[in-house]
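Engineer: just need the structure, nothing else, for what follows:
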Amino acid sequence: MSERLESDMLADSPHPRETMRLIGQDRAEQALLAAYRSGRIHHAWLLGGPEGIGKATLAYRMAKFVLTHPDPHRLDGATSLSVAADAAPARQIVSQSHVDLAVLRRLPNDKTKGFYSNIRVDDVRNVVRFLGSTAGAGGWRIAIIDSAEDLAREGANALLKVLEEPPPRVLFLMISHQPARLLPTIRSRCRLLTLDPLGEADVLLAAAQARPDLSEETLAAGAALAQGSVRRALTLADGEGVSLHRSLTDLLAKLPRIDVAAAHALADRCANKAGDENFALLLDFLDEWLHQRLLAARGEPVPRLARWAQVWEKARHAARDVEAYNLDRKPFVLATLGLLAEASTA
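Structural biologist: Modelled structure (predicted):
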């Protein structure tokens, strides 16, 4: 497992390049295998879908396969993108030493002790130069971008020329959580391969593979709330997510009555710097609850449906203000619960 936290990995979990088994994405894997076997694989692939469903694992899996089998016409009857863990390209990719693989991602910022907010344009230009040079081993040059959303406009534009006129035997594997939000000029030059959210059983299996130190009960509770995302399941299982969801659910079940003591206790768990992760989770839980409430209200009178829509919009707007201006979170939590109670009585 990686010793240092990286921008494209979850703490205490293996990095996608270290994950040898891809769970629940057979359709996407077979699509890449078939394209490569044809000998006419498109040079740029956009691997799309929600966070935490295996896109990066698939990208590294494809890179290992191509660099292990550089001739697409000599695949020895391969039925998946699996390669032996001790194959030289696989070992080199895991150790970040393969000369024909470049990875674009947000790098550590020594000044802030965090990560740069975007993939730096200088890093993009370095990769463009790398792709134009002669391959060092198997004849392919591969670039993994994780994620495309982290490319600022200047960085995306720096990629365009090589996307438009790629050198021979160059392969882009771009990971995107929201492909529709990318620049049209980037999207139009890539082949979109959408990965689906995982079923709960696959989420649990993948989560257990990543974190065998966590109990099955804890992982199962996280998987049940994960909405098909292994990353979300692990975040919930490893922190206060499951108990936070239970506390919020208990409060919402009593609406329009508000348990004042429980509401303050919930808000306190999201306050200050220590509550950063809890606050982000709470926003997700509230957003999902309101989404489900709106779906349930579709058969109700229009004014009542409109009230729930207004509450959803007000909560989202207030949450953006809290995060943008670093406002106190406790009043936001209490005010939002008040809005929900008011909408429930109408």
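Engineer: which residues in the protein form strands?
Structural biologist: All strands of the chain, identified by DSSP state E, fall at 44-48, 101-104, 108-109, 114-115, 141-146, 170-176, 191-194.
Engineer: quick one: the fifth one to strand 44-48, angle?
Structural biologist: Meaning strand 141-146. Interaxial angle of strand 141-146 relative to strand 44-48 (axes from the mean of the first three to the mean of the last three C-alpha atoms, to 10 degrees): 30 degrees.
Engineer: any chance of a markdown table for the strands of the chain, columns mean neighbour count?
Structural biologist: Backbone N, C-alpha and C define where each C-beta goes, glycine included. Formatted as a markdown table, the strands of the chain follow (neighbours: other C-beta atoms under 10 Å):
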| stretch | mean neighbour count |
| --- | --- |
| strand 44-48 | 24 |
| strand 101-104 | 22 |
| strand 108-109 | 14 |
| strand 114-115 | 14 |
| strand 141-146 | 26 |
| strand 170-176 | 25 |
| strand 191-194 | 16 |
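Engineer: out of these, flag the one nearest residue 28.
Structural biologist: The closest of the strands of the chain to residue 28 is strand 191-194. By C-beta to C-beta, the value is 5.6 Å.
Engineer: what pairs with the closest one, parallel or antiparallel?
Structural biologist: Here strand 191-194 is paired, per DSSP bridges, with strand 44-48 (parallel).
Engineer: the inter-axis angle of the strand it pairs with versus strand 170-176?
Structural biologist: Relative orientation of strand 44-48 versus strand 170-176 (the same axes, to 10 degrees): 20 degrees.
Engineer: go through the strands of the chain and name the closest to residue 301.
Structural biologist: Of all the strands of the chain, strand 191-194 sits nearest to residue 301, with 37.0 Å by C-beta to C-beta.
Engineer: look at the nearest residue to residue 101 once chain neighbours are set aside and report its pLDDT.
Structural biologist: With C-beta to C-beta, 6 or more residues apart in numbering as the criterion, residue 101 has its nearest non-adjacent residue at 5.0 Å, and that residue is residue 142. We have a pLDDT of 97 for residue 142.
Engineer: name whatever forms a beta bridge with residue 142.
Structural biologist: Going by DSSP bridges, residue 142 forms beta bridges with residue 101, residue 171.
Engineer: just the one 4 residues further on next, same as before
Structural biologist: In this entry, residue 146 is beta-bridged to residue 175, by DSSP bridges.
Engineer: list the contacts of it.
Structural biologist: By C-beta atoms under 8 Å, 6 or more residues apart in numbering, the residues touching residue 146 are 8, 56, 59, 103, 104, 105, 175.
Engineer: hmm, try it at 6 Å
Structural biologist: With contact set as C-beta atoms under 6 Å, 6 or more residues apart in numbering, residue 146 has these partners: 8, 56, 105, 175.
Engineer: and of these, the nearest to residue 21?
Structural biologist: For the contacts of residue 146, the residue nearest residue 21 by C-beta to C-beta is residue 56; the value is 13.7 Å.
Engineer: give the contact list for that closest one.
Structural biologist: Applying C-beta under 6 Å, 6+ apart, we find residue 56 in contact with 16, 146, 175.
Engineer: so how far is residue 230 from it?
Structural biologist: Using C-beta to C-beta, to the nearest Å, we find residue 56 at a distance of 11 Å from residue 230.
Engineer: circling back: isn't the residue nearest to residue 101 right next to residue 172, touching?
Structural biologist: No - using C-beta atoms under 6 Å, residue 142 is not in contact with residue 172, being 7.9 Å away.
Engineer: pull the contacting residues for the residue nearest the centre of the chain.
Structural biologist: For the chain, the residue nearest the mean C-alpha position is residue 51 (2.2 Å; C-alpha atoms, centre = their mean). Residues in contact with residue 51 (C-beta under 6 Å, 6+ apart) are 177, 229, 231.
Engineer: what would those look like in a markdown table with neighbour count and pLDDT?
Structural biologist: As requested, the contacts of residue 51 are arranged in a markdown table below (neighbours: other C-beta atoms under 10 Å; pLDDT from 0 to 100):
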| residue | neighbour count | pLDDT |
| --- | --- | --- |
| 177 | 16 | 96 |
| 229 | 24 | 96 |
| 231 | 21 | 94 |
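Engineer: closest to residue 258 out of those residues?
Structural biologist: Set against residue 258, the nearest of the contacts of residue 51 by C-beta to C-beta is residue 229 (30.5 Å).
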